[in-house]
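Q: pasted the sequence and its predicted model underneath.
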Amino acid sequence: MASTLDRLIASTAEVDPPLAAVDLPTLRANARDLVRRAGGTPVRVASKSVRCRAVLEVALGRSLTADNGFRGIMTYSLREAMWLARSGAQDILMGYPTADRGVLAELASDPVLLDRITLMVDSDEHLDVITAAAGTESVPARLCIDVDASLRLGPVHMGVRRSPLRLPSQVADLATRADKRGFTVVGVMFYEAQIAGLPDSSLPVRWMKRASAKELATRRSAVVDAVQTAVGTLSIVNSGGTGSLEVSSADPVVTEVTAGSGLYVPTLFDRYRSFRPHPALYFALPAVRRPAPAIATLLGGGYIASGPAGSARVPRPVWPSGLTLLRNEGAGEVQTPVTGRAARSLAVGDRVWFRHAKAGELCERFTELHLVESDGSRTVVPTYRGEGQCFG
């Protein structure tokens, strides 16, 4: 049986690169593995890690509503959420707060969209922005409260800087104020980036992740109890990411986990102990010049992942094997030189295949993806960018 990359190479042989291609058998297997790892807890798909409606449909079905172990979408932009809701998505959780006043006003005036989209907040300022945009003191919007899930060890902060809310009393107080203002608080979210987004690279990292999981499980339960005492039963207790599904889903108070990167599996997920990576998304660049016998220069390729700058954030050449980037140039905006033994045999017009570092960000560089089936047949679908959508 042909390997993932062999199948992509053969299926796209007549397509001029640059191009990006997804192996559908691998993508579907990755989707099943996310469900397996979640152990019965529904998985919400993080759209920021996908950025292609056709791929969202692989996991959620054409209606973007699933009962196969997945549950709805977590979006990263309210404009995106509105677009997807109008495309038929029924259950959308915003992963981040919004200050987009024009779109908030549009949302507030549409009862159907208000029922489909849950806004994320972590402060009274967010409540003020929503009501001011709507031009009314009371907006019947569904709200989820983002809670800081980082690990604190004295002055040391491990995790991302998100919500200012950490203590059960802080979260319950905001929920109470929101409820009194006419909002409907339906959930709380905890994103433990220091567990989900950090590879198992050393014993100290693994110790930190265990300690963080233990601390968070205790605090999360207390937060949920406090909020439910204040405003009633919550339908959403969201947690996790591709790298922490087992840990998050093991907590009985968690009603759903979020994952998206695990569908494509970029290079940042190569060193996790919790699952074996099976990359599904690759991109190819053409060789356009030969500046030296052991160097071939490729067109484009500067698809650098967000986050702290470093070698882990650059794309990695994977075929032909043995190629590396030049230390002094790296992956460039309009050209990417590669060197190594295989570079000597690359001719102008040949292609080099890469893996990218961070899931859906690659789709901001391509207007289409080539979806390849097990028999080698190929379908071309638009990315968000290809549909004329750019949500930041």
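A: Structure received. Keep in mind it's a predicted model, so treat the numbers as computed, not measured.

Q: low-confidence stretches in the stretch 151-300 of the chain?
A: 158-159, 193-201, 211 (pLDDT under 70).

Q: in it, mark out all the helices, start to finish.
A: Per DSSP state H, counting those that start in this stretch, the stretch 151-300 of the chain has helices spanning 168-180, 193-196, 203-231, 245-249, 261-264. These are given in chain order.

Q: you'd agree residue 146 is up against residue 166?
A: No: using Cβ atoms under 8 Å, residue 146 makes no contact with residue 166, being 10.9 Å away. Where you see a C-beta, it was placed from the backbone N, CA and C, and this is true even at glycine.

Q: of those two, who's got more company?
A: residue 146 (25 against 15; other Cβ atoms under 10 Å).

Q: how about the contacts made by the more buried one?
A: 96-97, 120-122, 162-163, 165, 188-189, 191 (Cβ atoms under 8 Å, 6 or more residues apart in numbering).

Q: the helix or strand harbouring it pairs with which strands, parallel or anti?
A: Using DSSP states H and E, the element containing residue 146 is strand 142-147. With DSSP bridges as the test, strand 142-147 is paired with strand 117-121 (parallel), strand 184-190 (parallel).

Q: so that strand versus helix 168-180, what angle?
A: Calculated by axes from the mean of the first three to the mean of the last three Cα atoms, to 10 degrees, strand 142-147 forms an angle of 160 degrees with helix 168-180.

Q: quick check: bridge partners of the nearest residue to residue 145 once chain neighbours are set aside?
A: With Cβ to Cβ, 6 or more residues apart in numbering as the criterion, residue 145 has its nearest non-adjacent residue at 5.0 Å, and that residue is residue 188. Judged by DSSP bridges, the bridge partners of residue 188 are residue 145, residue 237.

Q: out of the strands paired with strand 142-147, deepest packed?
A: strand 117-121 (a mean of 25; mean count of other Cβ atoms under 10 Å).

Q: what residues does it touch?
A: Contacts of strand 117-121 (Cβ under 8 Å, 6+ apart): 78, 81-82, 85, 92-98, 107, 126-127, 130, 141-146, 174, 178, 186-187, 189, 236.

Q: returning to what we had before: list the buried ones in the strand holding residue 146?
A: Neighbour counts using 16 or more other Cβ atoms under 10 Å place 142-147 of strand 142-147 among the buried residues.

Q: the residue of the chain most remote from its centre: what's it in contact with?
A: Going by Cα atoms, centre = their mean, the residue of the chain most distant from its centre is residue 293, 40.0 Å out. If you count contacts by Cβ under 8 Å, 6+ apart, residue 293 has them with residue 344.

Q: list phi and psi for it.
A: When read as degrees, to the nearest 10, the backbone of residue 293 gives phi -60, psi -30.

Q: grab the most central residue of the protein for me.
A: Most central in the chain under Cα atoms, centre = their mean is residue 49, positioned 2.8 Å from the mean C-alpha point.

Q: now that residue: closest residue in space, sequence neighbours ignored.
A: Residue nearest to residue 49 in three dimensions, not counting chain neighbours: residue 260, with 2.9 Å by Cβ to Cβ, 6+ apart.

Q: for the one you found, which residues are in contact?
A: Contacts of residue 260 (Cβ under 8 Å, 6+ apart): 45-50, 74, 242, 359-360.

Q: min pLDDT across those, which one?
A: Within the contacts of residue 260, residue 242 has the lowest pLDDT, namely 87.

Q: next, count neighbours for the residue lying closest to that one once chain neighbours are set aside.
A: Closest residue in space to residue 242, ignoring its immediate chain neighbours: residue 262 at 3.8 Å, by Cβ to Cβ, 6+ apart. Neighbour count of residue 262, defined by other Cβ under 10 Å: 27.

Q: so residue 262 makes contact with residue 274?
A: No: taking contacts as Cβ under 8 Å, residue 262 lies outside contact range of residue 274: 10.3 Å.

Q: which residues do those two both contact?
A: Joint contacts of residue 262 and residue 274 (Cβ under 8 Å, 6+ apart) are residue 245.

Q: against residue 216, how distant is residue 383?
A: Residue 383 sits 34 Å away from residue 216, going by Cβ to Cβ, to the nearest Å.
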